[in-house]
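Visitor: Prediction below, plus the sequence it came from.
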Amino acid sequence: MTAGMVLRRLGAGFLVLWLVSVLTFLLVQLTPGDPAELIAGENATVEDVARIREQLGLNAPVVEQYLRWCADLLRGDLGDSLFTGRSVTETIAQAAPATLSITGLAIVIAVVVGVSAGLLAGLRQGTWVDRAVSTAATLGIAMPSFWVAMLLISAFALSNPWLPATGYTPLAEGFWPWLSHLILPATALGLATAAELARHTRGCVADVLVRPYIRTARARGASGFWLIRRHLLRNAAIPVVTVLGLQAGRLLGGSIVVEVVAGITGLGTTAINAVLQRDYPMIQGYVLFSAVIVVVVNLAVDLTYGWINPKVRVA
């Protein structure tokens with residue numbers, strides 16, 4: 001992929017982030033409820049609520065509030081929480097490692113399990129292996145992640161102290177303590193994506209196997225691992241990478257439920273509290289951070305296309 005293509009993708013990404021910021025700001029303003037009333041409390045007078053609104057700048061026109069927020073954003077300041085008074089940037093930086101760790105490990109589990117199962121089913125079409133993978137994939141898509149998380153905790157965490165049921169340990173405190181707290185929630189979160197990848201991988205492999213260049217390669221003596229690596233995986237990978245890129249945003253959003261079940265204080269818990277409290281700066285910061293992650297993932301997917309298939313680079 002050329003530098004010009006990367007710059008165009010980056011430009012499109014910045015445009016998406018700007019649109020997300022506008023829509024998020026407007027939707028938050030339209031949300032029922034007044035944060036000033038929540039801060040003031042039940043016994044507050046009208047004068048108290050008005051004073052708090054003035055202090056928070058909520059009486060200014062919406063356009064003025066947005067421009068002021070954008071000006072702070074360009075300086076790297078997402079504002080302060082209306083309730084805790086802490087910097088939104090600091091709060092997100094503290095909560096993000098847990099959520100990104102769960103999401104990252106869930107992606108690894110989904111790729112390893114889903115692609116392996118789909119490849120096996122595609123190579124064994126019509127056999128019991130194919131039927132078993134298809135059935136497991138259907139179940140994996142149908143089962144809610146929070147229910148899977150509770151099952152895994154009941155089955156493994158209660159009888160095995162080396163897999164904690166709740167909590168999160170930062171990576172700085174040790175690799176195994178960090179990983180042991182992530183295995184169950186990440187597995188619960190990644191199984192549905194693994195099922196999706198298995199189904200798409202199976203379909204892509206089945207489609208590629210009937211292509212003329214596969215028959216030609218077999219006629220020339222290519223078989224086994226060489227045929228799979230050289231001809232099969234590269235041509236079947238692009239649709240699978242596309243699905244994985246689309247699922248990345250879903251995994252980031254789905255981590256909210258898993259965090260609650262596993263008792264992990266991450267971005268999900270922070271976002272829920274912000275919505276319940278009408279904490280406008282925190283909501284806007286969370287949505288914008290999530291949008292940045294999705295844009296980065298999509299850019300990585302585009303770059304992966306060019307690495308997998310040289311024809312994409314030429315196009």
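Guide: Everything's here; your move. Keep in mind it's a predicted model, so treat the numbers as computed, not measured. Numbers count the residues shown, from 1 in each chain.
Visitor: With adjacent residues omitted, what lies nearest to the residue most central in space within the chain?
Guide: For the chain, the residue nearest the mean C-alpha position is residue 252 (2.5 Å; C-alpha atoms, centre = their mean). Nearest residue to residue 252 in three dimensions, chain neighbours excluded: residue 103, at 5.3 Å (C-beta to C-beta, 6 or more residues apart in numbering). The way it works is simple: take the backbone N, C-alpha and C, and place the C-beta from them, glycine included.
Visitor: So what's the residue count around that neighbour?
Guide: Other residues near residue 103 come to 26 when the count uses other C-beta atoms under 10 Å.
Visitor: pLDDT (mean, whole number) over stretch 253-264?
Guide: Averaging pLDDT along stretch 253-264 yields 83.
Visitor: got it, and stretch 145-165?
Guide: 81.
Visitor: Compute the first-to-last residue distance for that stretch.
Guide: Taking C-alpha to C-alpha, to the nearest Å, stretch 145-165 runs 15 Å from one end to the other.
Visitor: Not counting that stretch itself, show me its contacts.
Guide: Here stretch 145-165 makes contact (C-beta atoms under 8 Å, 6 or more residues apart in numbering) with 180-181, 183-185, 187-189, 191-192, 254, 257-258, 260-263.
Visitor: just stretch 263-282 next, same as before
Guide: 28-29, 31, 33-35, 38, 69, 78-83, 88, 91-92, 95-96, 98-99, 102, 165-168, 181, 185, 255-260, 283, 286, 289-290.
Visitor: May I see the buried residues of that stretch?
Guide: Neighbour counts using 16 or more other C-beta atoms under 10 Å place 264, 266-271, 274, 277-282 of stretch 263-282 among the buried residues.
Visitor: what are the ranges of the helices in the stretch 51-200 of the chain?
Guide: Here the stretch 51-200 of the chain has its helices, by DSSP state H, counting those that start in this stretch, at 62-74, 88-123, 128-142, 145-152, 175-209.
Visitor: any chance of the ones you listed in TSV, with distance to residue 247 too?
Guide: Below are the helices of the stretch 51-200 of the chain laid out as TSV (distance: least, C-beta to C-beta, whole Å):
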stretch	distance to residue 247
helix 62-74	28
helix 88-123	7
helix 128-142	11
helix 145-152	12
helix 175-209	5
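Visitor: Look up the closest residue to residue 242, ignoring the ones flanking it.
Guide: residue 301 (6.8 Å).
Visitor: mind checking the SS state of the one you found?
Guide: What DSSP: H, G, I helix; E, B strand; the rest coil gives for residue 301 is helix.
Visitor: Low-confidence ranges, the stretch 1-150 of the chain, go.
Guide: Residues of the stretch 1-150 of the chain that meet the criterion pLDDT under 70 lie in 1-2, 33-34.
Visitor: one more time with 80
Guide: Where the stretch 1-150 of the chain drops to pLDDT under 80, the residues are 1-6, 28-49, 52-60, 62, 76, 82-85.
Visitor: Equivalent analysis for the stretch 151-300 of the chain, please.
Guide: Residues of the stretch 151-300 of the chain that meet the cut-off, pLDDT under 80, sit at 157-162, 165, 208-240, 249, 253, 277-278, 280.
Visitor: List only buried entries from the contacts of stretch 145-165.
Guide: Buried, going by 16+ other C-beta under 10 Å: 180-181, 183-185, 187-189, 191-192, 254, 257-258, 261-262, out of those.
Visitor: Could you work out the most separated pair of the residues you listed?
Guide: By the measure C-beta to C-beta, 180 and 192 form the most distant pair in these, at 22.4 Å.
Visitor: how many neighbours does residue 295 have?
Guide: When counting by other C-beta under 10 Å, one arrives at 20 neighbours for residue 295.
Visitor: wouldn't it be in contact with residue 18 here?
Guide: No - Residue 295 lies out of contact with residue 18 (C-beta atoms under 8 Å); the separation is 11.1 Å.
Visitor: Run the chain-centre distance for stretch 123-133.
Guide: Centroid displacement of stretch 123-133 relative to its chain, using C-alpha atoms, centre = their mean, to the nearest Å, is 30 Å.
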